[in-house]
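Colleague: Give me the fold of what follows.
(chains A and B)
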Amino acid sequence: MDFLSALNISGSGLTAQKLRMDVISQNIANAQVTRTEKGTPYRRKMVVLSSIDGNGDFQDALDKALGRKAGGVQVKSILEDPSPLVPVYDPTHPDANDEGYVMLPNVNTTQEMIDMLGASRAYEANVTAFNATKAMALKALEIGR
Amino acid sequence: MAVVPLCASSNLSSIRSMAEGLSRTSVPDQADGGQGFKAVFEQLIDNVEETEAVTKIDAYKLSIGEADDLHNMMINAAKADIALQTMVQIRNKILDAYTEVMRINL
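Modeller: Coordinates of the predicted model:
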């Protein structure tokens, strides 16, 4: 694996963490949404990541044989959190049910803040790994100077 | 002398870049008599140009406000930087070897 494709590993990590950040922002932005396009309250979204280790097809085998296989991380899916919605008593709300309860999204802002911190730190870690790889490549150029 | 090509990870047309990568993987022909230095240089410059072309496209996209992935732009810029530095270092090495050969007294 040459240095340039090694950089793609950190790149995929950065892309994944940015998407996580986007989903967290989406959760926070929709924390009070009681009616989505489906007519139901918004449900918290979660990102499922998986590592890239090839699907075993021809292209995969060729890349591996040529040493081009860089690996990395990819977003497998974005799932909805199945945990129960939060009922809040507010009979004046247009989306309140017969008993006067409004179902608010199952978004816990504190939890989202912590996840945001995690995504932010993971992004930084990927940048650090990227810089380390780059420094290593540039150091290799100093061999024999 | 085999120089591993610095394949640009262009997400524009992966097939094209793959085909180019394959064609450039060929080791410069050493049996063509006197073309050794030139072939290595040309291959290096091709590689650097290819890597920097991606950065140019990124700069254009940034200027028209289509920067969706800032980190990928920086990664491509870093790749271009490494490719250029590698070329410069290998050029230095080759020039050293060349001047050493030219210094041989006949």
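
Colleague: Pretty sure A:Leu104 sits against A:Tyr89.
Modeller: No: using CB atoms under 8 Å, A:Leu104 is not in contact with A:Tyr89; the gap is 11.0 Å. Just so you know, the C-beta spots here come from the backbone N, C-alpha and C atoms, and that holds for glycine as well.

Colleague: Between the two, which has more neighbouring residues?
Modeller: Comparing A:Leu104 with A:Tyr89 by other CB atoms under 10 Å in any protein chain shown, the one with more neighbours is A:Leu104, at 19 against 10.

Colleague: Secondary structure element holding A:Ser77?
Modeller: A:Ser77 is located in strand A:73-80, with elements delineated by DSSP states H and E.

Colleague: quick one: is that strand near chain B?
Modeller: No: remark: strand A:73-80 sits outside contact range of chain B, by CB under 8 Å from any CB of the partner chain, the gap being at least 13.5 Å.

Colleague: tell me what that strand is packed against?
Modeller: Helices and strands touching strand A:73-80, by 3 or more CB pairs under 8 Å, 6 or more residues apart in numbering or on different chains; DSSP states H and E, are helix A:3-29, strand A:45-51.

Colleague: of all the ones you listed, which lies closest to A:Phe58?
Modeller: Among those, the nearest to A:Phe58 by CB to CB is helix A:3-29 (18.8 Å).

Colleague: Now the closest one: buried residues?
Modeller: Using 16 or more other CB atoms under 10 Å in any protein chain shown as the test for burial, helix A:3-29 gives A:3-21, A:23-24, A:26-27.

Colleague: what subset of those is also close to chain B?
Modeller: Counting by CB under 8 Å from any CB, A:3-5, A:7-8, A:10-11, A:14-15, A:18 from those sit close to chain B.

Colleague: any chance of those in TSV, plus distance to A:Leu138 and pLDDT?
Modeller: Below are those laid out as TSV (distance: CB to CB, whole Å; pLDDT from 0 to 100):
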residue	distance to A:Leu138	pLDDT
A:Phe3	9	77
A:Leu4	13	77
A:Ser5	17	78
A:Leu7	12	88
A:Asn8	17	88
A:Ser10	15	91
A:Gly11	18	91
A:Leu14	20	94
A:Thr15	24	93
A:Lys18	26	94
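
Colleague: Closest one to B:Ala39 out of the residues you listed, please.
Modeller: Distances from B:Ala39 to those, taken by CB to CB, are shortest for A:Leu4, at 21.4 Å.

Colleague: Show the pLDDT at A:Ala96.
Modeller: Looking at A:Ala96, its pLDDT reads 90.

Colleague: nearest spatial neighbour of it, skipping sequence neighbours?
Modeller: A:Val102 (4.9 Å; CB to CB, 6 or more residues apart in numbering or on different chains).

Colleague: Could you list the paired strands of the helix or strand hosting that neighbour along with their orientation?
Modeller: Taking DSSP H and E as the criterion, A:Val102 maps to strand A:101-104. Here strand A:101-104 has these sheet partners by DSSP bridges: strand A:86-89 (antiparallel).

Colleague: Name the residues of the partner strand that are buried.
Modeller: Of the residues in strand A:86-89, none is buried (16+ other CB under 10 Å).

Colleague: Close to chain B: what parts of chain A are there?
Modeller: A:2-5, A:7-8, A:10-11, A:14-15, A:18, A:68, A:127, A:130, A:134, A:137-138, A:141, A:144.
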